[in-house]
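Novice: dropping the sequence and predicted coords here.
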Amino acid sequence: MKVGLYRHLMASCMLGGALMSPLAWGQAVIQSGDVKLGVRTDGALNVPDPGALEDGATGLTYVLNGRDALTPGCWCEAWGVADAVSSRFGSTGAATGTQNIVVDSFTSTASTATSVVRVADATGNLFRVTHAFAPSASGSLYRVDVTIENISGAATTVLYRRAMDWDVYPNRFNELTTVQAGTSPNITFTSDDGFANGNPLSGPSSILFTGNAVDSGPADHGTLFDFNFGSVAPGAQVKFTIFYGAAANQQAAMTALGAVGAEAYSLGKPNPAAPGAGPEDGAPNTYIFAFAGIGGTPIAGGGSVAAVPVGGPMMLVSLFLAMGAAGSSMLRRRQR
């Protein structure tokens, strides 16, 4: 069992003199089709849930067998947004802590949730970020419509990061990870470091691979996506969509991704040698993390609307890796 992971977060919390802001500890457990999510008020996943089959928590659960792929062990799932021009940022996650994030509102129903936060530090407001969770065109996927609005009063270069640690039943902490970044020019880095801090300025990191991989492992790892959406004028927005889901096997997962026009994705699959896995590839549960509206080509073919700033010009910039040395490195290894 994984324990003690929360300690690696405090080392990164003070990056750039970060303002530690309080988090309203509300939550929602929402369900649609074969997927249940535990949503925090700040838009991250993983919340306590007394009704859960195991661990007393829900992150990303496959409803048909009740198994969750995020909450076993550490609750390692995080997101963050930053301005590459000013090096200001905000990030949050159940395991990594909350930095420069102020929750403005949170609403939910049985199947939807909407989080609106401000990224704000001692300098003032930077971004308003909305994560709107709702059922998708596939019963195997939830969609999350993300809006990042520049409220700083100056031009910004928007960076976004999302990371998660796969812990896939039936052999937790020893799964297969696939990452396919697709063709989007806005993806600047991918790897299997699901323990990463959500701060996009904390630099690239990996466990077994960077870039794309198919069925890497088995190992205790996950997924990290970094984005650079370019220059965003004051008052302008960036919009794109995240998908979270689960299916009975890999084939069903890929069918779901095609149905929603996903452009980049990760799969978390069980170790095929584990008792209870198979016989189909990815059975009894394949978990899904994906993006659309990011300027890439959908995996099922066809066109796509690029994730360009609404009301402002798009200026693609080079891969943002130079700032990787900022802050303290995180402890990822876990005691079993």
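Specialist: Perfect, I can see it now. This structure is a prediction, so every number in the text was calculated from the model and none was measured.

Novice: surely Ala82 touches Leu159?
Specialist: Yes: at 4.5 Å, Ala82 and Leu159 qualify as touching, with contact defined as CB atoms under 8 Å. In short, each C-beta sits where N, CA and C put it, glycine included.

Novice: what touches both of the two?
Specialist: Shared contacts of Ala82 and Leu159, defined by CB atoms under 8 Å, 6 or more residues apart in numbering, are found at Phe89, Pro200, Leu201.

Novice: tabulate those residues (a markdown table), appending distance to Tyr169.
Specialist: A markdown table is the format used below for those (distance: CB to CB, whole Å):
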| residue | distance to Tyr169 |
| --- | --- |
| Phe89 | 34 |
| Pro200 | 31 |
| Leu201 | 34 |
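
Novice: ok, back up a step: who has more neighbours out of Ala82 and Leu159?
Specialist: Set Ala82 next to Leu159 and count neighbours by other CB atoms under 10 Å: Ala82 wins out with 31 against 24.

Novice: now do the same contact list for the more buried one.
Specialist: Listed by CB under 8 Å, 6+ apart, the contact set of Ala82 reads Arg88, Phe89, Gly90, Val158, Leu159, Asn199, Pro200, Leu201.

Novice: who's it bridged to?
Specialist: Ala82 has these beta-bridge partners by DSSP bridges: Phe89, Leu159.

Novice: going forward can the numbers begin at 42, since that is how I track them
Specialist: Will do, 42 is the new start, and the previous item becomes Ala123.

Novice: of the contacts of Ala123, which pair is most distant in space?
Specialist: Largest separation among the contacts of Ala123 by CB to CB: Val199 and Asn240, giving 13.9 Å.

Novice: the more surrounded of the two?
Specialist: Asn240 (30 against 26).

Novice: pretty sure the more buried one sits against Arg202.
Specialist: Yes: applying CB under 8 Å, one finds Asn240 in contact with Arg202, separated by 7.1 Å.

Novice: which neighbours do the two share?
Specialist: Counting by CB under 8 Å, 6+ apart, the residues touching both Asn240 and Arg202 are Gly121, Ser132.

Novice: show me where pLDDT drops low in the stretch 142-291 of the chain?
Specialist: Nowhere does the stretch 142-291 of the chain drop to pLDDT under 70.

Novice: would you map the helices across it?
Specialist: In the stretch 142-291 of the chain, the helices defined using DSSP state H, counting those that start in this stretch lie at 291-301.

Novice: can you give me the strands for it?
Specialist: Here the stretch 142-291 of the chain has its strands, by DSSP state E, counting those that start in this stretch, at 142-149, 154-162, 165-176, 182-191, 197-206, 216-221, 228-232, 254-260, 263-273, 278-288.
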